[in-house]
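> heads up, no residue letters with this:
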């Protein structure tokens, strides 16, 4: 049962009363029922059984888009006879004979208890049901999970208590369970929207340099998770922020990830490890296409407590990163959002860690003044997300096509070897595509991109996090490897087979183009990785290799405002390296031919 509105309007009251009377005549004359209306209420066999009149104004056929469960709702207009107030409500067809009018709807609504209450309600319900055939049935779709869904070719997003997207021709609403999720933000004049969003993104990216931008990209991956899956780009990671107490992990994560109830109660939808695993799964099951924060993985003096926390987080990570469901008493639950964990210690299970992107927060890096200044600005996160979703609903297929294109390039260049670092590399590739989506949105919406970090900055930050994670998880226990020297040695060995001196026009027939006049080497990223693999017998991230070249000043960057570290040649992106300086570096730092 749901009350839609209460109103006092003399003219409307008279109109509804006439409709109710007409409905009574049409239904009761046909059924010879001894029920009648009076100015004081409904009569049965001449005796007043309630102090209100009822008109059935609408019959609604409801379908849940996820469960395919169907049922009927009846929209009732209830008239208080002693006043001019009308109560409009929706009641389930099966509830008509059992509804408590006084307790559930309004305490002014009374049924005569000198008769059997159930019998009186039954008479009223029977009267309502007899009015229903004269009404045309309308249809409604109910969405019981947040996030993207498609109905009759329309792409829409269930944003808690509202639907965003192309829903003008279809009556769609969200379930009662989603009504507590409110996408809200402070008032903003239309002419100020782009400025406010630009300032929001700029300040958040600068909030924790190299870390908060990854949280922003993770938010975009979360919001577009359904599109990634439709494009054949599975999301195989969760984000895990690790840091000691008072490193503001949850605060910074919430500023860039908690999109609901930012004005009323931003912590309303945070989760923690005091909940059981079943309850957490059931809660996360409806939080599709968003970032769900699971907080408080704290150190404990109790080994039992820590073990329980670790078991829960490991289960959630496997369910989310493997894109599988988990059986509970309530059915099969899934994690279809991006789960973000905040904790004080690293997990010890290598298989679980392989499904994480780790961000290590340090107290010395936290600028409390920036945090304080950004608090009010963060309330506009809902505005940014709303505009992003509206744009995406209009460009749904275009975004999917872009993701498919990026994934095809990745597959061709990287192969499909399943090692720890290769899986990590894939996860960072996904975050890189989120940056592309962000740029698409900002460009299409007429934003100036001056505030946005460059592609090369993002590549460097992702590379730094990758390298830190490798060291943190001890996936490589040896000293830091000099990939600049490794790749030089192996390129010299394969020079004749791998290098061309003619600039590729349509296709790359070889992996390297050597412009001898300019003293530059153009080399594809996958070949850099291959060279290291041949030298070391393992696959590493191209970010690791490129970061070392960049740090030594050996890369020639693209001459655009973004300063991209790769340059487009013959439909591919290549790293441009100063060949002479590269050779000088190796000769100056290594006396022998061995670079171990």
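Okay, I see it. These numbers were taken from a predicted model, which means no experiment stands behind them.

> drop to CA atoms for contacts and neighbour counts, all remaining ones
Will do.

> For residue 268, grab phi and psi.
When quoted as degrees, to the nearest 10, the phi and psi of residue 268 stand at phi -60, psi -30.

> what's the pLDDT at it?
According to the prediction, residue 268 has pLDDT 85.

> surely it meets residue 258?
No - Residue 268 sits out of contact with residue 258 when judged by Cα atoms under 8 Å, with a separation of 9.6 Å.

> Give the helix, strand or coil label for residue 509.
Classification of residue 509 by DSSP: H, G, I helix; E, B strand; the rest coil places it in coil.

> I'd like to know how far it sits from residue 585.
For residue 509, the distance to residue 585 (Cα to Cα, to the nearest Å) stands at 29 Å.

> Compare these two (neighbour count), which wins?
Shown here are residue 509 and residue 585; by other Cα atoms under 10 Å, residue 585 has more neighbours (16 against 12).

> Quick check: which element contains the more buried one?
Secondary structure assigned from DSSP states H and E places residue 585 in helix 579-589.

> buried set for that helix?
For helix 579-589, a neighbour-count test (16 or more other Cα atoms under 10 Å) marks 579, 581, 582, 585, 586 as buried.

> same check, this time on stretch 3-18
Within stretch 3-18, the residues that count as buried by 16+ other Cα under 10 Å are 13, 16, 17.

> ok, the residue lying closest to residue 293 once chain neighbours are set aside - how many residues close by?
The spatial neighbour of residue 293 that comes closest, neighbours along the chain excluded (Cα to Cα, 6 or more residues apart in numbering), is residue 340 at 4.8 Å. The burial count assigned to residue 340 is 25, neighbours taken as other Cα under 10 Å.

> tell me the secondary structure for residue 340?
strand.

> I figured it was touching residue 297, is that so?
No - with the criterion set as Cα under 8 Å, residue 340 and residue 297 do not qualify as a contacting pair; they are 11.5 Å apart.

> coming back round to it: including pLDDT, could the buried residues of helix 579-589 go into a markdown table?
Rendered in a markdown table, the data for those read as follows (pLDDT from 0 to 100):
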| residue | pLDDT |
| --- | --- |
| 579 | 94 |
| 581 | 90 |
| 582 | 92 |
| 585 | 83 |
| 586 | 85 |
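
> which of the residues in stretch 218-234 are buried?
Residues of stretch 218-234 classed as buried by neighbour count (16+ other Cα under 10 Å): 218-228, 231, 233-234.

> among those, which are in helices?
218, 219, 220, 221, 222, 223, 225, 226, 227, 228 (DSSP state H).

> Which of these sits closest to residue 302?
The closest of those to residue 302 turns out to be residue 218 (Cα to Cα; 32.6 Å).

> Nearest residue to that closest one in space, please, no chain neighbours.
Leaving aside its chain neighbours, residue 218 sits nearest to residue 431 (6.6 Å; criterion: Cα to Cα, 6+ apart).

> Ok, residue 345 next?
Among residues not flanking residue 345 along the chain, residue 242 sits closest, at 6.1 Å (Cα to Cα, 6+ apart).

> so what's the one you found bridging to?
The residues listed as beta-bridge partners of residue 242 by DSSP bridges are residue 343, residue 360.

> can you tell me which residues contact it?
249, 342, 343, 344, 345, 346, 358, 359, 360, 361 (Cα atoms under 8 Å, 6 or more residues apart in numbering).

> what do you get for residue 2?
Residue 2 sits in contact with 89, 90, 91, where contact means Cα under 8 Å, 6+ apart.

> Just put the ones in helices among the buried residues of stretch 218-234 in TSV and tack on pLDDT and distance to residue 68.
As requested, those are arranged in TSV below (pLDDT from 0 to 100; distance: Cα to Cα, whole Å):
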residue	pLDDT	distance to residue 68
218	97	31
219	98	30
220	98	29
221	97	28
222	96	25
223	97	24
225	96	23
226	96	20
227	97	22
228	96	24
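
> now the strands for the stretch 301-450 of the chain?
Read by DSSP state E, counting those that start in this stretch, the stretch 301-450 of the chain holds these strands, from start to end of the chain: 325-328, 331-334, 338-343, 356-360.

> quick one, longest helix in the protein?
The chain, longest helix under DSSP H: helix 420-444.

> That helix packs against which elements?
In this structure, helix 420-444 makes packing contacts with helix 212-223, strand 356-360, helix 396-414, helix 455-472, judged by 3 or more Cα pairs under 8 Å, 6 or more residues apart in numbering; DSSP states H and E.

> Now list the buried members of the contacts of residue 2.
With neighbours counted using 16+ other Cα under 10 Å, these contain these buried positions: 89, 90, 91.

> Let me have the residues you listed in CSV, extended by distance to residue 373 and secondary structure.
Supplementary listing: the buried ones among the contacts of residue 2 in CSV, determined by distance: Cα to Cα, whole Å; DSSP: H, G, I helix; E, B strand; the rest coil:
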residue, distance to residue 373, secondary structure
89, 45, strand
90, 45, strand
91, 48, strand
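
> with those in mind, which one is nearest to residue 436?
Comparing the buried ones among the contacts of residue 2 against residue 436 with Cα to Cα picks out residue 90 as the nearest, at 44.9 Å.

> and residue 193, what are its phi and psi?
Summarising the backbone geometry of residue 193 under the convention degrees, to the nearest 10, its torsions are phi -60, psi -50.

> Please tell me how far it sits from residue 165.
Noted for residue 193: a distance of 18 Å to residue 165, by Cα to Cα.

> quick one on the thing from earlier: save the buried residues of stretch 218-234 as a markdown table, and put in distance to residue 311 too.
Listed next are those as a markdown table, based on distance: Cα to Cα, whole Å:
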| residue | distance to residue 311 |
| --- | --- |
| 218 | 24 |
| 219 | 25 |
| 220 | 28 |
| 221 | 26 |
| 222 | 24 |
| 223 | 27 |
| 224 | 28 |
| 225 | 25 |
| 226 | 27 |
| 227 | 30 |
| 228 | 28 |
| 231 | 32 |
| 233 | 28 |
| 234 | 24 |
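
> what's the offset of the longest helix of the chain from the middle of its chain?
Average the C-alpha atoms of helix 420-444, do the same for its chain, and the two points are 14 Å apart (Cα atoms, centre = their mean, to the nearest Å).

> Which parts of stretch 497-504 count as buried, going by neighbours?
Of all the residues in stretch 497-504, those buried under the rule 16+ other Cα under 10 Å are 498, 499, 500.

> from memory the last one sits against residue 510, does it?
Spelled out, that is residue 500. Yes - the pair formed by residue 500 and residue 510 meets the contact definition of Cα under 8 Å, at 6.4 Å.

> ok, residue 83 to residue 106 distance?
13 Å.

> ok, for residue 48, nearest residue in space, not its chain neighbours?
Counting by Cα to Cα, 6+ apart, residue 48 lies nearest to residue 42, which is 5.8 Å off, once chain neighbours are set aside.

> Can you classify that neighbour by secondary structure?
With three-state DSSP as the criterion, residue 42 was assigned strand.

> that older thread, just the angle between the longest helix of the chain and helix 212-223, please?
Between helix 420-444 and helix 212-223, the angle formed by their directions is 80 degrees, by axes from the mean of the first three to the mean of the last three Cα atoms, to 10 degrees.

> what sits up against helix 420-444?
With contacts defined as Cα under 8 Å, 6+ apart, helix 420-444 is touched by 214, 217-218, 220-221, 235-237, 354-357, 388, 391, 399, 403, 406, 448-449, 458-459, 462, 466, 470, 475, 539-541.

> Go again with 6 Å.
Contacts with helix 420-444, where a contact means Cα atoms under 6 Å, 6 or more residues apart in numbering, come from 217, 220, 221, 541.

> same check, this time on stretch 362-377
With contacts defined as Cα under 6 Å, 6+ apart, stretch 362-377 is touched by residue 247.

> buried residues in that stretch?
Along stretch 362-377, the positions that meet the burial threshold by neighbour count (16+ other Cα under 10 Å) are 366, 371, 374, 377.
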